[in-house]
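# only geometry, no sequence info:
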């Protein structure tokens with residue numbers, strides 16, 4: 001069973017919610033143990049919405065952390081898919097106390113081994129974890145904690161088909177993406193923009209309970225309420241890393257330039273995923289686990 005920490009930017013898009021739903025379903029099936037979920041913007045509605053989804057799926061006690069080093073993407077765009085969920089949640093709950101993401105990750109890592117880190121947003125929280133220093137939680141630095149207690153990192157980021165275009169998660173915080181790519185001491189598997197661009201999921205949510213917050217989040221989209229599947233693919237592959245839907249590239253060194261574009265150099269510890277089947281087969285597989 002894979003132990004995971006998920007870091008998300010749920011708020012400006014809805015496929016994060018689909019990924020979280022998939023994560024909870026695979027946990028119900030005994031395939032993963034969710035240790036914590038952290039949110040990588042300072043917009044409080046994102047973290048509260050994560051708590052609301054966790055509670056709906058029967059994991060109200062699952063620790064939730066939030067980026068709180070400085071204001072970061074705390075604006076109306078980042079509340080598009082979370083404001084309504086947060087308001088409904090607070091009608092029946094007190095304002096929850098959300099932990100600092102770095103502190104939470106340090107605490108969870110100090111108590112666990114062979115943890116898979118997953119990023120479906122910007123990489124600022126993992127950059128802060130790498131930079132973290134010994135404290136009351138652990139005498140180890142962030143890099144030392146990762147070396148001792150982490151197995152790998154799966155990150156949704158980069159464009160591996162067009163190396164001249166920067167992908168959104170990288171482009172919004174190029175500094176953090178570069179820092180993590182250059183300093184993370186263990187293998188990173190990247191899920192590029194090209195993998196989810198043509199696979200639209202969310203159909204199965206239409207038959208879900210009206211109380212399902214993930215269904216509500218997808219319903220805020222116009223037209224068919226479907227969304228490209230970058231984040232669900234990332235969660236699926238991080239947990240089911242031996243799946244046949246995607247294959248890994250050869251090991252290489254992956255970094256980003258000052259414009260946020262992917263740079264691939266020779267031999268290294270990292271890789272990126274490559275489609276290994278049809279879009280329809282991937283879509284059907286993901287839909288099985290989004291409700």
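That came through, no problem. Just so we're clear, the structure is a prediction, and the values are computed from it rather than from any experiment.
# helices or strands next to the helix or strand containing residue 176 in the packing?
Assigned by DSSP states H and E, residue 176 belongs to helix 174-183. Packed against helix 174-183 by the contact rule (3 or more Cβ pairs under 8 Å, 6 or more residues apart in numbering; DSSP states H and E) you find helix 124-131, strand 252-256. All C-beta spots, glycine's among them, are computed from the backbone N, C-alpha and C.
# neighbouring contacts of stretch 275-291?
Stretch 275-291 has contacts (Cβ atoms under 8 Å, 6 or more residues apart in numbering) with 18, 21-22, 25-26, 195, 198-205, 207-208, 212, 214, 229, 232-233, 236, 244-247.
# Now a ChimeraX select for only the buried ones of these.
For the buried members of these, the matching ChimeraX selection, counting by 16 or more other Cβ atoms under 10 Å, is:
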select :18,21,22,25,26,195,199,200,201,202,203,204,205,208,212,214,229,232,233,236,245,246
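# Inside helices: which ones of the contacts of stretch 275-291?
18, 21, 22, 25, 26, 195, 214, 232, 233, 236 (DSSP state H).
# which among these gets closest to residue 112?
Comparing the ones in helices among the contacts of stretch 275-291 against residue 112 with Cβ to Cβ picks out residue 26 as the nearest, at 17.9 Å.
# Just the local confidence number for the closest one, please.
On the pLDDT scale, residue 26 is placed at 98.
# Verify the contact between residue 165 and residue 158 for me.
No. Applying Cβ atoms under 8 Å as the test, residue 165 and residue 158 come out as separate, 9.9 Å apart.
# Please identify which of these two sits among more neighbours.
For the pair residue 165 and residue 158, the greater number of neighbours falls to residue 158 (28 against 14), based on other Cβ atoms under 10 Å.
# Pretty sure that one sits in a strand.
No. If the criterion is DSSP: H, G, I helix; E, B strand; the rest coil, then residue 158 is coil and not within a strand.
# contacting residues around the helix or strand following the helix holding residue 176?
Using DSSP H and E, the helix or strand that follows helix 174-183 towards the C-terminus is strand 188-191. For strand 188-191, contacts defined as Cβ under 8 Å, 6+ apart pick out 152-158, 160, 180-181, 230, 233-234, 237-238, 241, 248, 254, 269-273.
# ok, strand 188-191: who's next to it in the sheet?
Partner strands and pairing direction for strand 188-191 (DSSP bridges) are strand 150-156 (parallel), strand 262-275 (parallel).
# The shortest one vs helix 174-183, what angle?
What that stands for is strand 150-156. 140 degrees (axes from the mean of the first three to the mean of the last three Cα atoms, to 10 degrees).
# Enumerate the positions of strand 150-156 that are buried.
Buried, per 16+ other Cβ under 10 Å, within strand 150-156: 150, 152, 153, 154, 155, 156.
# Okay then, goodbye and thanks.
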